[in-house]
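Trainee: What follows is a predicted protein model with its sequence.
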Amino acid sequence: MVLSVFKSGDELFNQGIDLVKRKEYAKARRNFEKTIEKGGREAALARAYVDIIDACLDRDNPGKYNKLASTLDQMKEDFEFGLTEINPPRVALECRLLAERMEAGRMPGGTPAQAEAKGNRFLDVARKYQTMIGNETIKISEIVGIPVNTGIKEALYAQTVGYENLALGAVAADPKRAAELLQNAYACRKQAGEDAQYILNTINAYSKSVKCWICGRPSTGEGVHFLAMPSDISPFMKKSDDDILKSTPADYNSVYVCRPCYSAISRRSDDIARQYHERAMQEMRAMEARLQAQISSMAMMRR
Ligand SMILES: [Zn+2]
């Protein structure tokens, strides 16, 4: 009997399969790497296993899913990973959609144009989930251990984020339109069976119209085009039937002020505060210099 000290590629592969079943991915990965080096019968499958494990170990990295998708493109037959049956073209598609969704999530959204582009990208991903996966369950989520949904539910989530971003893009120029876009986001999130109260709160804020206490101009969109400024409304004022009085939060602890008035006051008071700060600093430096001079003269006297 010949006893081989070195394991063959196939032995290493089989051991790797057992390690996957025990979810010992890092160890299993080493076995599959060696299988590929030795060019065992299962080298192609080992390549797919390595890429799946890389996705499991770094599951927020879209690059891992794109790489896995390319590897799966080369494979013809179904195979198992742990307890999950993998149909290569189908899981490759799921990987690409997941990577696309992650990349959409990483797009900047700071300016209205960026938020609009991001929103449209999410709506595009949502359409793909809806038409390409539909009511079926997404296998790749199960494999890498992220929440498992159907294509439809994933589409509803992506649509919600899409409309929220479109609303962010629209609110600076057209708060009413932003509120309409958020109505869509609200409907999608409700349909996905999720709490959507936070969207309703924003819709209410975007739809709210008031008059500015300082200039009297009408404004729509709380938090964006007008803001509450802490103030003191006396009981006498509260009794007035002036319609501007309705431009206050229910607690009468502040007044609504349009953004131009608000920012003019804030900037002017910042300037004043800066002048005071500079004057105080100058005085402190002068005092420091005087003290330093006194200390030096006392040292001179002691010599
Ligand atoms: Zn104003």
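Mentor: Structure received.
Trainee: Get me the contact residues on this structure for the ion.
Mentor: Contact residues, the chain versus the ion (C-beta under 5 Å from the ion): 212, 214-215, 258, 261. (Glycine included, C-beta is placed from N, CA and C.)
Trainee: again, only this time at 8 Å
Mentor: Those residues of the chain that sit near the ion, judged by C-beta under 8 Å from the ion, are 212-217, 219, 226, 257-258, 260-262.
Trainee: which two of these lie the greatest distance from each other?
Mentor: For the residues of the chain next to the ion, the farthest-apart pair by C-beta to C-beta is 216 and 262; their separation is 14.2 Å.
Trainee: And these two? Which one has more around it.
Mentor: Between residue 216 and residue 262, residue 262 has the larger neighbour count (other C-beta atoms under 10 Å), namely 18 against 12.
Trainee: Could you tell me which residues make contact with the more buried one?
Mentor: 226-227, 229 (C-beta atoms under 8 Å, 6 or more residues apart in numbering).
Trainee: What strand or helix carries it?
Mentor: Residue 262 is part of helix 259-302, with elements assigned from DSSP states H and E.
Trainee: all strands for this structure, in order.
Mentor: Along the chain, counting by DSSP state E, strands occupy 79-81, 84-86, 209-211, 218-220, 226-230, 254-258.
Trainee: Now the fourth one: buried residues?
Mentor: Within strand 218-220, the residues that qualify as buried by neighbour count (16 or more other C-beta atoms under 10 Å) are 219-220.
Trainee: Sheet partners, orientation included, of that strand?
Mentor: Counting by DSSP bridges, the strands paired with strand 218-220 are strand 209-211 (antiparallel).
Trainee: Quick check: mean pLDDT of the partner strand?
Mentor: For strand 209-211, mean pLDDT is 93.
Trainee: now stretch 185-195
Mentor: Mean predicted confidence for stretch 185-195 is 96.
Trainee: Could you pull out the buried residues of that stretch?
Mentor: 185-189, 192.
Trainee: How about stretch 163-178?
Mentor: Result for stretch 163-178 [16+ other C-beta under 10 Å]: buried residues 163-171, 175, 178.
Trainee: are any of the contacts of residue 262 buried, and which?
Mentor: Using 16+ other C-beta under 10 Å, the buried ones in these are 226-227.
Trainee: nearest to the ion, of the contacts of residue 262?
Mentor: residue 226 (7.9 Å; C-beta to the ion).
Trainee: can you pull the contacts of the closest one?
Mentor: 210, 212, 219-220, 256-259, 262.
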